[in-house]
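Asker: Quick one: sequence and predicted model below, then my questions.
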Amino acid sequence: MKDRTLIIISTIIVMAMMMISLQGCLPASSGRDTPVSQEVSAAESPEKNSSAEITADSSALSQAVQSYEKIILETDSELFTERDLTQNADMSQAETVTAADDSTVTLTEEGIYLLTGTAENFTVIVDTDSEAKVQLVLDGLNVTNDDFPVVYVKSADKVFLTSSGAESTLTVSGSFTADGTTNTDAVIFSRDDLVLKGTGTVNISSTSNGISTKDDLKVTGGVWNIDCEDDALEANDSIAVAGGAVSIVSAKDGLHAENDEDDTVGWISIEGGTITVRAGDDAVHATTVASVSGGTLDLTAGEGIEATQVEISGGDISISASDDGINAGRKSDSMSVGITISGGSVYIEMGPGDTDGVDSNGYLTISGGTLDIYAQSPFDADGSVSWTGGTIYVNGSQASSINTQMMGGGKGGRW
């Protein structure tokens, strides 16, 4: 793994140095205020297209290399530990916690806990040492609360939320109340790392967020059905999905990764699993990078996938959107803006009006995969465009070129 990563990073650095040396040969930029139509054919060689991807200055290139290095290291499959991926808990030493009306159970020790029973206004609080790992096994846990989370992680190193046995249903039906200065706004709310896994089904209904963590969120197994009025899966630093089935109905975002205090984090990596989203705003929203390398995604939303950088290298993706299907925009100052598609199968169907199938406020690079787009405006890119591989269909016909217009939305960028 380390050798492969070093080779990739070294290659990127060499390419960056080559592009810097070529920069002086380029004509002066016409400026962002001047619409420039770009038409790139798939038959053009990589050498011919490479000049269009040179960044404006060497500092920007260095920043892009550093950002890409960080992406490689953080979204590799080694992100998941063996325990993250193990779906069954060892119940031999488990302690049983039975839900009761109008009660709170606080767990202060590392261990495995079986949560079961039916109750109203019942909360499990995890308040352990910051190095402790706690596993909560949900087996027939059915709780309806008025205004507070069913599971609240105050302190831990990591909590493994495991679905098992009988189906569980967790609901918060009213407006959430805060815990001091902490705005507990999710049915499952955590200040620390949270892993969703297991072999059973958990249904979540919320007047705000479904599952929220102020750290990292991983999904590796289980069936998670979430119906909420705000974001369904929310994390400050990252969301990583390796398996399981997630079904979301949300008035806002389906998967949302954002840290208000640090725009170098807030990334999403989808490597496997099945994700179905019906969202009022974005199906997948990341501050930095939204990466899809595997899995099956069925997304219906205002925008399908949105981030500063969108990277698709695998997976089976279907998007129905009313604004943009895939959108790259400036949400982080730590990296360049753009979309890279190198593999996978992507189907996009856009609604009428001023909508774009693939919309980049920076570069657009396509080197593999299959894109099948139904839209009045299939592509819109403000920066460089490169198409060196893969197959593109537009409104039922195989395309031979990409026609985009800088600054977006102009008639020259339409097919």
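Answerer: Great, that's in hand. Not measured: the values here are computed from a predicted model. Numbers count the residues shown, from 1 in each chain.
Asker: And the residue nearest the centre of this protein?
Answerer: By CA atoms, centre = their mean, the chain has its centre lying nearest to Ile268, at 3.1 Å.
Asker: just checking, it touches Ser293?
Answerer: No: Ile268 is beyond contact range of Ser293, at 11.5 Å (criterion: CB atoms under 8 Å). For glycine as for every other residue, the C-beta is placed from the backbone atoms N, C-alpha and C.
Asker: hmm, back to that, per-residue confidence for the residue nearest to the centre of the chain?
Answerer: Note for Ile268: predicted pLDDT of 98.
Asker: which residues does it contact?
Answerer: The contact partners of Ile268, taken as CB atoms under 8 Å, 6 or more residues apart in numbering, are Ser238, Ile239, Ala240, Leu255, Ala257, Val284, His285, Ala286, Val289, Ala290, Ser291, Ala307.
Asker: One more pass at 6 Å, please.
Answerer: When contacts are counted by CB atoms under 6 Å, 6 or more residues apart in numbering, Ile268 is found next to Ile239, Leu255, Ala257, Ala286, Ala290.
Asker: how far away is the first one from Ile204?
Answerer: Pointing back at Ile239 there. 16 Å (CB to CB, to the nearest Å).
Asker: one step back: got the contacts of Ile268 as JSON lines, with pLDDT, neighbour count and secondary structure columns?
Answerer: JSON lines is the format used below for the contacts of Ile268 (pLDDT from 0 to 100; neighbours: other CB atoms under 10 Å; DSSP: H, G, I helix; E, B strand; the rest coil):
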{"residue": "Ile239", "pLDDT": "98", "neighbour count": "25", "secondary structure": "strand"}
{"residue": "Leu255", "pLDDT": "98", "neighbour count": "30", "secondary structure": "strand"}
{"residue": "Ala257", "pLDDT": "98", "neighbour count": "29", "secondary structure": "strand"}
{"residue": "Ala286", "pLDDT": "98", "neighbour count": "28", "secondary structure": "strand"}
{"residue": "Ala290", "pLDDT": "98", "neighbour count": "30", "secondary structure": "strand"}
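Asker: Name the nearest of these relative to Ser164.
Answerer: Distance to Ser164, by CB to CB, is smallest for Ile239 among those, at 22.5 Å.
Asker: Select the longest strand from this protein.
Answerer: For the chain, the strand that runs over the most residues, judged by DSSP state E, is strand 309-328.
Asker: Now do the helix or strand just after that strand against strand 309-328: the angle between them, please.
Answerer: Scanning forward in sequence from strand 309-328 by DSSP states H and E, the next helix or strand is strand 338-350. For strand 338-350 against strand 309-328, the angle by axes from the mean of the first three to the mean of the last three CA atoms, to 10 degrees is 40 degrees.
Asker: Indicate each strand paired with strand 338-350 and its parallel or antiparallel sense.
Answerer: strand 309-328 (parallel), strand 363-374 (parallel) (DSSP bridges).
Asker: and that strand, how far out from the chain's middle?
Answerer: Averaging C-alpha positions (CA atoms, centre = their mean, to the nearest Å) puts strand 338-350 15 Å from its chain's average.
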